[in-house]
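Novice: A structural model of the following input is requested.
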Amino acid sequence: MTSVLGYIYATPIGGAKVVLLDRDGNALTGQGKVYYTIWTFDEKGSIKVLERGSLERRLLFSENTIRISSNTLNEARVIAGKTGSKTAFIGVDVWVVKNGAVYTLPPDSFEVTPRQNTLPKTVKLNFDLREAKRTPLAEIERKAGVQPEGYINPPWFEWRTVREQRFQNVKIPVLIIHNNAQSDIFGTADIGITVQKYWGPDVTVAMGDRISEKVEFDPSSITVKVLGRSITNYFAGGDDITVPKGYSWGYVWIKGTVHYIYQKEYMCERDSHGQVLCSPTGNERYFAKIDSFTIDRVSGNVEHIESGSTLGEPPYSFPNSWMEKSRGISVGINDPVSLSEFYGKIYAGSDGHSFGVGIPIGAILDALARGSLPPWFATITVGFSVSDYSSYVMLGHVKNNGPSSDVIFYAMESNYTVEIPVHHWYGTGYERVNVPVGLYVEADRR
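Specialist: Presented below is the predicted three-dimensional model:
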């Protein structure tokens, strides 16, 4: 009874219980001592730490639940309200220490709505130590100059922002047409028009050892994962375009604020004088995201994103070495091909419901940052998603308007896999899929 009353006192109405599990559904603390950080994005889109702590296995039971107070969640809710978002993003960083090494896991996330619940929200997160970056503690201590007797106090771990940049009112391509056919190619993209609920852009993170020094993207050492949505609302946007015979490129765009964050991981401890000493572990991560959209009008509760279309190639370089064609779709004149058909050909198991379309935010940021980002960052995409499995965020079609009747459409996808959240009726899980780049559609002659 004492422990129950203690929990009620520690977690007021509207808090959250975050249950940390391993890939088999067992308590993560069964793997070792767990350190965690709870964070969100502030009004400018920067990372704001809300709380830190640790969990470890006890004699009679394995404590594997982070109890987040309503005050902590309300801090994130207030920020979301100021940005106009219907939900607040909550990030969760987790480290496991066992057998003399720290296992840094890719982050995870969940969302909370503005309303407080009577009972704490329960979230179950599964972590797979096979996806972790393993670093021996002795290696960090040796680099930090720690004496052989080791740390006086137990160390902890944290991510620190080294550099970040945000760019406003950027034209973000959502449908890119590369016309190699001797024909007029029409395309239309509607963002959120048929979604009768709020949606938003996902956050993509890339993590690995000293990845700021890498030139080429290496899937064996750079882990890419899609998290929850940075901002949500009843958004709508999109436009039509015709790329006529004789023109090679055209794209439909929406406007928004794009943002990258570069962080380094540190191991910290407090010495006998109370001074905090921190040493880098070598692990680094980059976030790519959309902070907000540029709104040109509001209709009822729907915010219309400033949209348009442009003939010509998008003003950034495509990561061609990390793209490949999906299976082609042959068409005749005036034979429309739904964009959703490309989703079904690219995604395995998700049909695009959870990630929508991959927007080439990494390539856009790489061009805008002018040398601040490693070249491999151009391969990173950001998707759109709704809160459940039932709706596409982006609809539309492409069509061959003639005169050639011999045209085949391809969509471009990444040739590396990305871990994306897939919303099923029974819950959310993660699957590794090749995400589309664009949606980038190439029209060729058969």
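Novice: For burial, what's the neighbour tally of L21?
Specialist: A count of nearby residues for L21, using other C-beta atoms under 10 Å, gives 16. Where C-beta positions appear, they are placed from N, C-alpha and C, glycine not excepted.
Novice: Wasn't it part of a strand?
Specialist: Yes. The assignment for L21, made by DSSP: H, G, I helix; E, B strand; the rest coil, places it in a strand.
Novice: what about the residue nearest to it when sequence neighbours are not counted, distance to D335?
Specialist: Distances taken as C-beta to C-beta, 6 or more residues apart in numbering place N126 nearest to L21, at 4.9 Å, with adjacent residues excluded. Taking C-beta to C-beta, to the nearest Å as the measure, N126 and D335 are separated by 44 Å.
Novice: The two - which one has more neighbours?
Specialist: Between N126 and D335, counting by other C-beta under 10 Å, N126 is the more crowded of the two (16 against 13).
Novice: tell me the contacts of the more buried one?
Specialist: Going by C-beta atoms under 8 Å, 6 or more residues apart in numbering, N126 touches 21-23, 25.
Novice: If burial is judged by neighbour count, which of those pass?
Specialist: 21-22 (16 or more other C-beta atoms under 10 Å).
Novice: could the contacts of N126 be laid out in TSV, adding pLDDT and distance to K255?
Specialist: As requested, the contacts of N126 are arranged in TSV below (pLDDT from 0 to 100; distance: C-beta to C-beta, whole Å):
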residue	pLDDT	distance to K255
L21	94	40
D22	92	42
R23	88	40
G25	90	43
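Novice: Which of the contacts of N126 sits closest to S230?
Specialist: For those, the closest approach to S230 (C-beta to C-beta) belongs to L21, at 25.3 Å.
Novice: Can you tell me the closest non-neighbouring residue to H178?
Specialist: Ranked by C-beta to C-beta, 6+ apart and with sequence neighbours excluded, the top spatial neighbour of H178 is E442, at 4.5 Å.
Novice: same deal with I68?
Specialist: Looking at I68 with C-beta to C-beta, 6+ apart, the closest residue is A16, at 4.3 Å.
Novice: average pLDDT for the lengthiest helix in the chain?
Specialist: Ranked by number of residues, the top helix in the chain under DSSP state H is helix 70-83. What helix 70-83 shows for mean pLDDT is 94.
Novice: same thing with stretch 109-129?
Specialist: Confidence over stretch 109-129, taken as the mean pLDDT, stands at 87.
Novice: could I get stretch 263-281 in CSV with only the CA atoms?
Specialist: In CSV, the C-alpha atoms belonging to stretch 263-281 read as follows (Å, rounded to 0.1, in the frame of the first residue of the first chain):
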residue,chain,number,x,y,z
GLN,A,263,24.8,16.2,-31.3
LYS,A,264,27.7,14.4,-29.6
GLU,A,265,27.4,11.8,-26.8
TYR,A,266,29.2,12.3,-23.5
MET,A,267,29.8,10.2,-20.4
CYS,A,268,29.7,12.4,-17.3
GLU,A,269,30.5,12.1,-13.6
ARG,A,270,30.7,14.3,-10.5
ASP,A,271,34.1,14.3,-8.7
SER,A,272,34.7,14.5,-4.9
HIS,A,273,34.5,18.3,-5.1
GLY,A,274,31.2,18.3,-6.9
GLN,A,275,32.6,19.3,-10.2
VAL,A,276,31.0,17.6,-13.3
LEU,A,277,33.5,16.1,-15.7
CYS,A,278,32.3,14.9,-19.2
SER,A,279,34.1,13.0,-21.9
PRO,A,280,32.9,12.3,-25.5
THR,A,281,32.3,8.7,-26.3
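Novice: Give me the buried positions along that stretch.
Specialist: The neighbour-count criterion (16+ other C-beta under 10 Å) identifies 263-269, 278-281 as the buried residues of stretch 263-281.
Novice: what's the answer for stretch 214-223, then?
Specialist: Within stretch 214-223, the residues that qualify as buried by neighbour count (16+ other C-beta under 10 Å) are 214, 217, 222-223.
Novice: So, low pLDDT: which residues of this protein?
Specialist: Scanning the chain for pLDDT under 70 picks out the ranges 1-13, 59-62, 143-153, 193-195, 344-357, 387-392, 423-428, 438.
Novice: The same query, at a cut-off of 50, please.
Specialist: Along the chain, the parts satisfying pLDDT under 50 run over 1-12, 148.
Novice: So which residues of it form helices?
Specialist: Per DSSP H, the chain carries helices over the ranges 2-10, 70-83, 137-144, 339-346, 361-369.
Novice: The residue nearest to L21 and L339: what is the separation?
Specialist: Going from N126 to L339 by C-beta to C-beta gives 32 Å.
Novice: Pretty sure S230 sits against T204.
Specialist: No. Under the criterion of C-beta atoms under 8 Å, S230 lies out of contact with T204, with a separation of 10.1 Å.
Novice: Identify the contacts common to the two.
Specialist: Jointly contacting S230 and T204 under the rule C-beta under 8 Å, 6+ apart are K289.
Novice: just to revisit the earlier point, the residue nearest to L21 and P403, how far apart?
Specialist: Per C-beta to C-beta, N126 is found 54 Å from P403.
Novice: coming back round to it: relative to P154, which of the buried residues of stretch 263-281 is nearest.
Specialist: The nearest member of the buried residues of stretch 263-281 to P154, counting by C-beta to C-beta, is E269 at 7.3 Å.
Novice: Is it correct that the closest one is in contact with Q275?
Specialist: No. In this structure, E269 sits apart from Q275 without contact. The criterion is C-beta under 8 Å, and the distance is 9.6 Å.
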